[in-house]
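Student: Provided below are the primary sequence and the corresponding predicted coordinates.
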Amino acid sequence: MVTGRFMYGPLDMVTLTGEKIDIHIMTQPPSGEWVFFHTELTNSSGRVSYLIPEGKKLGIGVYPVKMVVRGDHTVADSYLSIVPRGTEFVVFSIDGSFAASVSIMGSDPKVRAGAVDVVRYWQDLGYLIVYVTGRPDMQKQRVVAWLSQHNFPHGIVSFCDGLVHDPLRHKANFLKSLINEAHMRIFAAYGSTKDISVYSSIGLPPSHIYIVGRPTKKMQHQCQFIADGYAAHLSQLEYNQRSRPAKSASTRMVLRKSSFGLGAGGGEFLRKRNHIFRTISSQPGGAGATSPSPSQPGRTERTQSQCEVERDRGVGAATQRSMSIAAGCWGRSGSTKEGSGGLLGPK
């Protein structure tokens, strides 16, 4: 299931309703062709959902996804991850684990020293990396850009379904869906003291819950505190046998050991992933006859880089639509719902 949510406006608070969305998937990444799969219509909340049919189902792997608004050809980018049953993963709460400042939404918030090395350590062991945050999906672009800026390993990023009153419950429901519906296995989790209840609720033992901060007597038996920084914690993982390689060999072979800033094929893949398709009619008055595919005979296609998109948004901020694909776009080929449903499924 591939799901998306389309909003526009300064705070992405206005829904894009009744618009045709063309769904394209790169079926042979990192440098394959974009394949048109289907056109969906956004509902009253700006959402689209597409269940990949049996005849088009993809194998185990990570596939770039583009959802193109037919009306103006603005684009939302994400990935579709299909993993085998029993895939093991490690969870990181973005704000609780990584940010050294109060919020990662500042001008250039610092990342905790050694945090990237710890995430990469688990990725090298063959675990799928899952990032969770209580932030709304409208902040997706800024949060992922921050992860990219600091070269965090590639992984699934789960956001809340808009503004919610209980983000911790949303985190717990998302992780439960991975375990119960996608049949995945959680091995370890990182976060702040607020996340202890989330990780405990999904059955993770205290020995595999790592909390950043000073130890407290009240919680000392509920988790493992990382009091001396990530460098010391990494040494403990390496030399005290607190970790082991992931059991699923097929997962280690398929999942990309790359970073948000590098992509599957280095800089070239990042450029392809961040480009936005704009089809320009070669005939006067042909704007209404748009193509469902990024390329079609009789039309001239050009790509516009992410920086150009940001510059254009500065000119027409009042009317420019900005889309965000929520966690569901890391979906599986199965009948699940965005956010609370299983997002990666067994092959």
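Tutor: Nice, I can see it.
Student: give me the below-cutoff pLDDT ranges for the protein.
Tutor: 10-12, 100-108, 241, 248-347 (pLDDT under 70).
Student: mind running it again at 50?
Tutor: Residue ranges of the chain with pLDDT under 50: 104, 262-291, 293-347.
Student: I'd say A99 and R112 touch.
Tutor: Yes - in this structure A99 lies within contact range of R112 using C-beta atoms under 8 Å: 7.2 Å. Any C-beta I mention is one placed from the backbone N, CA and C, and that applies to glycine too.
Student: the two: who's more crowded?
Tutor: A99 (21 against 17; other C-beta atoms under 10 Å).
Student: ok, and the closest non-adjacent residue to that one?
Tutor: Among residues not flanking A99 along the chain, P109 sits closest, at 5.4 Å (C-beta to C-beta, 6 or more residues apart in numbering).
Student: mind listing what's buried in the helix or strand harbouring S177?
Tutor: Assigned by DSSP states H and E, S177 belongs to helix 167-180. Neighbour-count burial for helix 167-180, counted by 16 or more other C-beta atoms under 10 Å, picks out 167, 169-179.
Student: equivalent analysis for stretch 230-242, please.
Tutor: Counting neighbours by 16+ other C-beta under 10 Å, one finds that the buried residues in stretch 230-242 are 230, 233-234, 237.
Student: export stretch 176-194 as PDB, just CAs?
Tutor: The C-alpha atoms that make up stretch 176-194 are tabulated as PDB, following Å, rounded to 0.1, in the frame of the first residue of the first chain:
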ATOM      1  CA  LYS A 176       2.900  -2.200  17.000                       C
ATOM      2  CA  SER A 177       1.700  -2.200  13.300                       C
ATOM      3  CA  LEU A 178       5.300  -3.100  12.200                       C
ATOM      4  CA  ILE A 179       5.300  -6.000  14.700                       C
ATOM      5  CA  ASN A 180       1.800  -7.300  14.400                       C
ATOM      6  CA  GLU A 181       0.800  -6.500  10.800                       C
ATOM      7  CA  ALA A 182       4.100  -6.500   9.000                       C
ATOM      8  CA  HIS A 183       5.500  -9.300  11.100                       C
ATOM      9  CA  MET A 184       8.800  -7.500  11.900                       C
ATOM     10  CA  ARG A 185      10.900  -7.800  15.000                       C
ATOM     11  CA  ILE A 186      12.200  -5.000  17.100                       C
ATOM     12  CA  PHE A 187      15.600  -5.600  18.600                       C
ATOM     13  CA  ALA A 188      16.500  -2.300  20.300                       C
ATOM     14  CA  ALA A 189      15.200   1.300  20.700                       C
ATOM     15  CA  TYR A 190      16.600   4.700  21.600                       C
ATOM     16  CA  GLY A 191      15.000   7.800  22.900                       C
ATOM     17  CA  SER A 192      14.400  10.000  25.900                       C
ATOM     18  CA  THR A 193      12.700   9.200  29.200                       C
ATOM     19  CA  LYS A 194       9.300  10.000  27.600                       C
END
